[in-house]
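S.K.: Give me a 3D structure for the following:
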Amino acid sequence: MSTTAPPFSTEQQNRAVLRRVLIAGGLGTLLEYFDYASYSYFATTIAMVFFPSEDRTVALLSTFAVFALSFLVRPIGALVWGSLGDRVGRKAILATTIIIMSGSTFLIGFIPAYTVIGVAAPILLLLLRMTQSFSASGEYAGAGTFIAEYAPARRRGLLTSVVTVASAAGFLVASLMATVFYATMSTAFIQSWGWRIPFLIAGPIGLLGLWLRNRLEDTPQFRHVQELEKERRDLDARARAAMSRHTRRAEAIRSIPAMIRMLLVMALNAGAYYLLLSYTPTFLIEQAHMSEADSNLVVTIALVVYLALIPIAAIFSDRIGRKRTLLISSIAFIVLSYPIMSLFAAGGVVLATAVLIVSLIFFAMNDAVFPSFFTEMFGTRSRYLGFALPFNVGALLFGGVAPYIGTWLISKTGNPSSPAFFLILVAVLSLIGLLMSKETARTELVDVQSEVGTRPIPTL
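M.R.: Next up is the predicted model:
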């Protein structure tokens, strides 16, 4: 197998094509995180609709338990979509996942309340959340891989951060909607139909994303690998198929150590994402005694700032390297997590907003960088799976459980700052993974896993 770079240059691609790639790749990610954020930001309402209980904490724990359980299928989805994406192409899988994801999210908006159909209501909620999560498991990694394989090496950090911007935008749109709803609508309307509106919006967004993705070709990197495989015309069909299967299997095996390292790196991203962005409104309502409108206003303001921070952090990683940028983030969370949670608990819209913005400055140095870092760690034949599996296993182990663990720690310790211990743990795990990893910035993507890390890093 030749180790020379593929005979194509993304910089020679038409600007309109690259723009469509960024939009199509980002839209599905926006939809995925809009759904997760809507579930979190309307958690206090969903708890009353699907888990009526005299004990508010029990209702919230039940709501977050459904959120966490839906993540159980994500590793399975990662294996399915990642393997298919490396075999049949990125475009086909991204078109499939967005329609399943948007359809299941859309149907959540029609589930009757517990008072209408009893225990069937939370069961339907769980089933649709699991379907949504299964399809979403191929979305973020697929979008990141898709964009990375179009992006030039010197701008890969910035361009792949589009998926991070899209995920933050999904949280921002959901937060804006929750803020407006709680400020302008009656509690009765929100509990009957208001909470359903964000989920119903997923239908048309999914159709738009499908249309955009069907207009694109598969990535140049993937097409290049397909062309290399077609050169084996002197082999009979059976031998060629066996060799192709053997190559894919060997690639997957060679990528296992990198997947383990990326799983450790993913711990901070998953844990901090769902604790800082999903759980914060509930934390401020329950521990700082803010209103629903004020708690969501805090997150909305911080997310607006965060959207500006993401490309800055991505450019930073293009300049000084992925590993260094990620290390700064991990160390900052080890040192600052307890003070952050203590200040959150102190209450006050201005203080909480300022503290959350400071937290997001350091989190952006992780969140904006890991998509490019992950894609650069794997060869083309294992890149989709190599990204998807640690990303989704990390989301299961450290992300989906974060709101539940935050609520549980406070209930057991009586200490509102105790979720900080979870943040410190995931930051330490991430630091360990980074110390075991190599720098990847400004290197060309490679075809096979054995080539990863063998290319010199050009000077700026």
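S.K.: quick one: the strands in the stretch 101-250 of the chain?
M.R.: Remark: strands of the stretch 101-250 of the chain are absent; assignment by DSSP state E, counting those that start in this stretch.
S.K.: for Ala168, what are its contacts?
M.R.: Ala168 makes contacts with Tyr33, Leu277, Leu303, Tyr306, Leu307, Ile310, Asp367, as judged by C-beta atoms under 8 Å, 6 or more residues apart in numbering. Where C-beta positions appear, they are placed from N, C-alpha and C, glycine not excepted.
S.K.: switch the cut-off to 6 Å
M.R.: Tyr306, Leu307 (C-beta atoms under 6 Å, 6 or more residues apart in numbering).
S.K.: Check the spacing between the most centrally placed residue in the chain and Asp367 real quick.
M.R.: Nearest to the geometric centre of the chain sits Tyr140, at 5.5 Å (C-alpha atoms, centre = their mean). Per C-beta to C-beta, to the nearest Å, Tyr140 is found 11 Å from Asp367.
S.K.: quick revisit: list the contacts of the residue nearest to the centre of the chain.
M.R.: Residues near Tyr140 by C-beta under 6 Å, 6+ apart: Thr29.
S.K.: got it, and the one 3 residues further on?
M.R.: Ala143 is in contact with Gly25, Thr29, Val163, counting by C-beta under 6 Å, 6+ apart.
S.K.: one more time with 7 Å, if that's ok
M.R.: Counting by C-beta atoms under 7 Å, 6 or more residues apart in numbering, Ala143 touches Gly25, Gly26, Gly28, Thr29, Leu94, Val163.
S.K.: Relative to Leu69, how far out is the fourth one?
M.R.: From Thr29 across to Leu69, the span is 22 Å (C-beta to C-beta).
S.K.: Please say which of those two ends up with more neighbours.
M.R.: Between Thr29 and Leu69, Thr29 has the larger neighbour count (other C-beta atoms under 10 Å), namely 27 against 16.
S.K.: tell me what the helix or strand where the more buried one lies is packed against?
M.R.: Using DSSP states H and E, Thr29 sits within helix 15-41. Applying 3 or more C-beta pairs under 7 Å, 6 or more residues apart in numbering; DSSP states H and E, we find helix 15-41 packed against helix 90-108, helix 139-148, helix 156-184, helix 197-214.
S.K.: If I take it and helix 156-184, what angle do their directions form?
M.R.: Interaxial angle of helix 15-41 relative to helix 156-184 (axes from the mean of the first three to the mean of the last three C-alpha atoms, to 10 degrees): 40 degrees.
S.K.: quick one: buried residues of helix 15-41?
M.R.: By neighbour count with 16 or more other C-beta atoms under 10 Å, helix 15-41 contains the buried residues 18, 21-41.
S.K.: swap in stretch 434-442?
M.R.: Judged by neighbour count using 16+ other C-beta under 10 Å, the buried positions of stretch 434-442 are Leu434, Ser437, Thr440, Ala441, Arg442.
S.K.: just stretch 311-325 next, same as before
M.R.: Buried residues in stretch 311-325 (16+ other C-beta under 10 Å): Pro311, Ala313, Ala314, Phe316, Ser317, Asp318, Gly321, Arg322, Lys323, Arg324, Thr325.
S.K.: Can you give the distance of it from its chain's centre?
M.R.: 19 Å (C-alpha atoms, centre = their mean, to the nearest Å).
S.K.: who touches that stretch?
M.R.: Looking at stretch 311-325 with C-beta under 7 Å, 6+ apart, the contacting residues turn out to be 154-155, 157-158, 161, 364-365, 368-369, 372-373, 434, 437, 439-441.
S.K.: ok, the residues you listed vs Ser330, which is closest?
M.R.: If you rank these by distance to Ser330 using C-beta to C-beta, Leu434 comes first, at 6.3 Å.
S.K.: Locate the closest one within the secondary structure: which element?
M.R.: Assigned by DSSP H and E, Leu434 falls within helix 419-435.
S.K.: Give me the distance from that helix to the chain's centre.
M.R.: 18 Å.
S.K.: helices or strands next to it in the packing?
M.R.: Under the contact criterion of 3+ C-beta pairs under 7 Å, 6+ apart, helix 419-435 touches helix 256-272, helix 322-345, helix 402-413.
S.K.: thought Thr63 was touching Ala43?
M.R.: Yes: using C-beta atoms under 7 Å, Thr63 is in contact with Ala43, at 5.2 Å.
S.K.: More neighbours: those two, which one.
M.R.: Applying other C-beta under 10 Å to Thr63 and Ala43 shows that Thr63 carries more neighbours, namely 28 against 24.
S.K.: pLDDT wise, what is the more buried one at?
M.R.: We have a pLDDT of 76 for Thr63.
S.K.: What of Asp234?
M.R.: We have a pLDDT of 50 for Asp234.
S.K.: which residues touch stretch 403-411?
M.R.: Contact with stretch 403-411 is made by 40, 57, 60-61, 64-65, 67-68, 274-275, 278-279, 282-283, 287, 416, 418-419, 421-422, as judged by C-beta under 7 Å, 6+ apart.
S.K.: show me the contacts for Thr160.
M.R.: Taking C-beta under 7 Å, 6+ apart, we find Thr160 in contact with Gly144, Ile147, Ala148, Ala151, Pro371, Ser372, Thr375.
S.K.: hmm, try it at 8 Å
M.R.: Neighbours of Thr160 in contact, by C-beta under 8 Å, 6+ apart: Gly144, Ile147, Ala148, Ala151, Ala314, Pro371, Ser372, Thr375.
S.K.: Over to Met377?
M.R.: Taking C-beta under 8 Å, 6+ apart as the criterion, Met377 is in contact with Ala258, Arg261, Met262, Gly386, Ser437, Thr440, Val452.
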